[in-house]
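Undergrad: Predicted model and sequence below, questions to follow.
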Amino acid sequence: MLESLPYPDDTDHHFVVDPAKFDFYAMDCYRIVGEDRLAEMYAQEVIRSSTNPDGTEQKPMRNAEARVTLGVVAARAGDLERAVAYGRDALSGERKSLPSLLMCSRELATLLRERYPHEAEAVAYLDEVHALATVR
């Protein structure tokens, strides 16, 4: 639907969808509805397009949320180690929009709590998310 719209004149306008954010929005939608293959594909594209060739991140929050998405996909696939690694990587960035990051991180936290309630690695990550939430 968004692809059919003309390119907006003013992408800074609050009620305009910036086409550059399409992959980011698609990633979120696919993660939420459980389309893991597509969520992973879009998350990788978000990271690729938001990172300079030298490795510096142009859009650290988009990348952080993309890493949480990759963590969710890994958790659903049964890969706890990779899920926690992505989750921690997302939380470790210097620039954070805590409400957005916490909302997205809670999705991963819920999965880990449900699927890996007694795994030390999952419990440690859940403690990190909880600590971040209390800093807010």
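TA: Received it, and whenever you're ready, just let me know what you need. Residues are numbered from 1 along each chain as shown.
Undergrad: In a helix, Gly71, correct?
TA: Yes - counting by DSSP: H, G, I helix; E, B strand; the rest coil, Gly71 is found in a helix.
Undergrad: got the contact list for it?
TA: By CB atoms under 8 Å, 6 or more residues apart in numbering, the contact set of Gly71 is Arg82, Ala83, Val84, Ala85, Tyr86, Gly87, Ala90, Leu108. (Glycine included, C-beta is placed from N, CA and C.)
Undergrad: May I ask which helix or strand encompasses the second one?
TA: Counting by DSSP states H and E, the secondary-structure element that holds Ala83 is helix 80-91.
Undergrad: rewinding a little: buried ones only from the contacts of Gly71, please, as a PyMOL command.
TA: Provided next is the PyMOL selection string for whichever of the contacts of Gly71 are buried by 16 or more other CB atoms under 10 Å:
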select buried, resi 83+84+85+86+87+90+108
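Undergrad: Show me the two of the contacts of Gly71 that sit farthest apart.
TA: Arg82 and Ala90 (12.7 Å; CB to CB).
Undergrad: Where does the most centrally placed residue in the chain sit, in terms of helix or strand?
TA: In the chain, the centroid-proximal residue (CA atoms, centre = their mean) is Glu65; its distance is 2.1 Å. In this structure, Glu65 sits in helix 60-76 according to DSSP H and E.
Undergrad: For that helix, what does the pLDDT average out to?
TA: Helix 60-76 carries an average pLDDT of 95.
Undergrad: Could you check the angle it makes with helix 80-91?
TA: Relative orientation of helix 60-76 and helix 80-91, computed by axes from the mean of the first three to the mean of the last three CA atoms, to 10 degrees: 170 degrees.
Undergrad: mind listing what's buried in helix 60-76?
TA: For helix 60-76, the neighbour count (16+ other CB under 10 Å) marks 60-75 as buried.
Undergrad: just stretch 101-108 next, same as before
TA: By neighbour count on 16+ other CB under 10 Å, the buried set for stretch 101-108 is Leu101, Leu102, Cys104, Ser105, Glu107, Leu108.
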